[in-house]
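*Asks:* Please work out how this folds:
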Amino acid sequence: EEKVANEYGGDVRRCVDVARASVVVDTEDELKACFDQLFSTGAVVRLKNRFAKPSFNGYRDALFNLRLDLPSGAAHVVEVQVHLSPILESKAEAHEYYDYFRRHFHGNLTACDDCMRLLDGVVAGAGHTFSVRLLERVAASSDVGKLEALGELFEHRCSQFGLALIFRKRLVAVEFAASTTGQPLAAALRELSSLLRKTGKYDDAAHFAELSLELSREALERPVAVLGPEVAAGLCDLGRTFLQKGEYDKARAALDESLAIYDRAFDADAVLRMSPVLRGAALCHADAARAAPLRGAVPCHASKGWTLLALSELAKDRAEFPRAVDYADRAAEIWEGLDETLVAHALMAKGPILQHMGRIKESKAAYERAYDIRRRSVGVHHPDAARVLRKIGTTRRYDGDLAGADESYAAAVAIFEKAHGDDHVDTIKCLSDRAELLLARGSLDAAEALVLRARAAAVRLFGSDLDHLLVRETQALQGMLASARGDNEAALRLLGPAA
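*Replies:* Okay, here's the model as predicted:
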């Protein structure tokens, strides 16, 4: 009865599983044979293949609807369910979840799937466990995407306005602290106003609607504060592209303009943020902000740090090392105290510059601090931590600690292998670094195994064209290995084109 009401609009004639049967098979071969047999009857009128598209809870089966001709001349549509026995064992538990979410989200299985897709972004990285504790963590976080998803879920899919209000208010607090242009804050205020109207709190709804409107009007009057950071970010991206292409003059022009616009925009933005309207907005959600203090919210001027890092990279490529260090330090200074993970980016940029300047111990200290930050923020088994380990290996090698360098490279390779497999730039670079180290230590057989892996992966990814740096570098390593083995002919054949 509930299914007819929810899925078929009350039309009982559309219910096609009144007469049904189940077929249980043990293997994939048996499953294919069963599918083939049912299709061979010519009576299949519909198939729901949840082996191809599983339900949100991971359950898989196939639902065939077949036309059954009766002796009276009438016809009836029946359902045949096809199950794999290992999956069927979990069906009772899965059905409990389906019933719970169907009641909770006020809809059929499709509606449940829609809601669970919203939750996918929320539970990602949390072991896919949805719980009250997870909701509490998101409600105290500064994750705009998750706050938006849960506000949408509870307001529009569950009609649980009290819960939605928690996330909508929090989103306003986060956007106020971290908004780049003010427009995300205006949008968050509008959503909050709409939700308050649904709860009958009309005075509060009107108040937040007026704040949103006034904020948008102020943005029209202060376009540099609103559009400037977006233009500056675009110029930064363009400058980075020119940098990768080796067009340094164009990169310098784009990045210098980006930096100048950021400076003007943040001056105007400071005025904008001191406006009576924004001070009022801050007071309106102060209670929510105090209840869940902002963690990780980055003021809009932090985006300027990326332009400074690009300028640091440009200066390094031009061998202007003191200037490169200065730019990296300025980026770190902006991010210090705001977001440690951004500071780690600045430290990673600064490390190789210090190496070029022969300041190995300072370089190593920068990398070690970056590793400590990433160890605490993403964990020791994350590729971001492995990238720092690889850099630490290089500084240890330059410092003469070959055993320590090998330990760092090996640990980084293991992480990259697990995260990406061999066919990834990070894995190839780290395999090459370790191979070069082993070659220097005289471990030719071990080095050769790594070189062959790195070379094969580079060719699979980029082909054998030596125009690609990784292909060229891995071939050069093969040449160095051949030279170490005394095979000068092979060494010349490999090193010549790769030079």
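*Asks:* Residue 204 contacts residue 194, doesn't it?
*Replies:* No - between residue 204 and residue 194 no contact is recorded; they are 11.6 Å apart, counting by CB atoms under 8 Å. Yep, even glycine has a C-beta here, placed from its N, CA and C like the rest.
*Asks:* Just give the number of residues close to the residue lying closest to residue 431 once chain neighbours are set aside.
*Replies:* Take residue 431 and drop its neighbours on the chain: the residue closest to it by CB to CB, 6 or more residues apart in numbering is residue 454, 4.0 Å away. By the criterion of other CB atoms under 10 Å, residue 454 has 25 neighbours.
*Asks:* Find the helix or strand that residue 454 is a member of.
*Replies:* helix 444-462 (DSSP states H and E).
*Asks:* okay, and the common contacts of residue 204 and residue 194?
*Replies:* Between them, residue 204 and residue 194 share no contacting residue under CB atoms under 8 Å, 6 or more residues apart in numbering.
*Asks:* Touching, the residue nearest to residue 431 and residue 474? I think so.
*Replies:* Yes - counting by CB under 8 Å, residue 454 does reach residue 474; the two are 4.9 Å apart.
*Asks:* Spit out the residues that contact those two alike.
*Replies:* 428, 432.
*Asks:* Would you mind confirming that residue 451 is in contact with residue 435?
*Replies:* Yes - assessed by CB under 8 Å, residue 451 is found in contact with residue 435 at 4.6 Å.
*Asks:* list residues touching both of these two?
*Replies:* Common neighbours of residue 451 and residue 435 (CB under 8 Å, 6+ apart) are 477, 481.
*Asks:* Need the distance between the two termini of stretch 47-60.
*Replies:* In stretch 47-60, first residue to last residue: 13 Å (CA to CA, to the nearest Å).
*Asks:* Quick check: mean pLDDT of it?
*Replies:* For stretch 47-60, the mean pLDDT works out to 71.
*Asks:* ok, now stretch 337-357?
*Replies:* Stretch 337-357 comes out at a mean pLDDT of 91.
*Asks:* Report the contact partners of the spatially closest residue to residue 319 that is not a sequence neighbour.
*Replies:* For residue 319, ignoring the flanking residues on the chain, the nearest one in space by CB to CB, 6+ apart is residue 356 at 7.8 Å. Counting by CB under 8 Å, 6+ apart, residue 356 touches 316, 319, 321.
*Asks:* mind listing what the first one touches?
*Replies:* Yep, that's residue 316 we're talking about. Residue 316 neighbours (CB under 8 Å, 6+ apart): 324, 352-353, 356.
*Asks:* of all these, which comes closest to residue 43?
*Replies:* Nearest to residue 43, judged by CB to CB, of these is residue 352 at 68.3 Å.
*Asks:* From the rest of the structure, what touches the helix or strand hosting residue 326?
*Replies:* Using DSSP H and E, residue 326 falls within helix 321-335. Taking contacts as CB under 8 Å, 6+ apart, the residues outside helix 321-335 that touch it are 298, 301-302, 304-306, 308-309, 311-316, 342-343, 345-347, 349-350, 353-354, 356-357.
*Asks:* The same query, at a cut-off of 7 Å, please.
*Replies:* 301-302, 304-305, 308-309, 311-312, 315-316, 342-343, 346-347, 349-350, 353, 356-357 (CB atoms under 7 Å, 6 or more residues apart in numbering).
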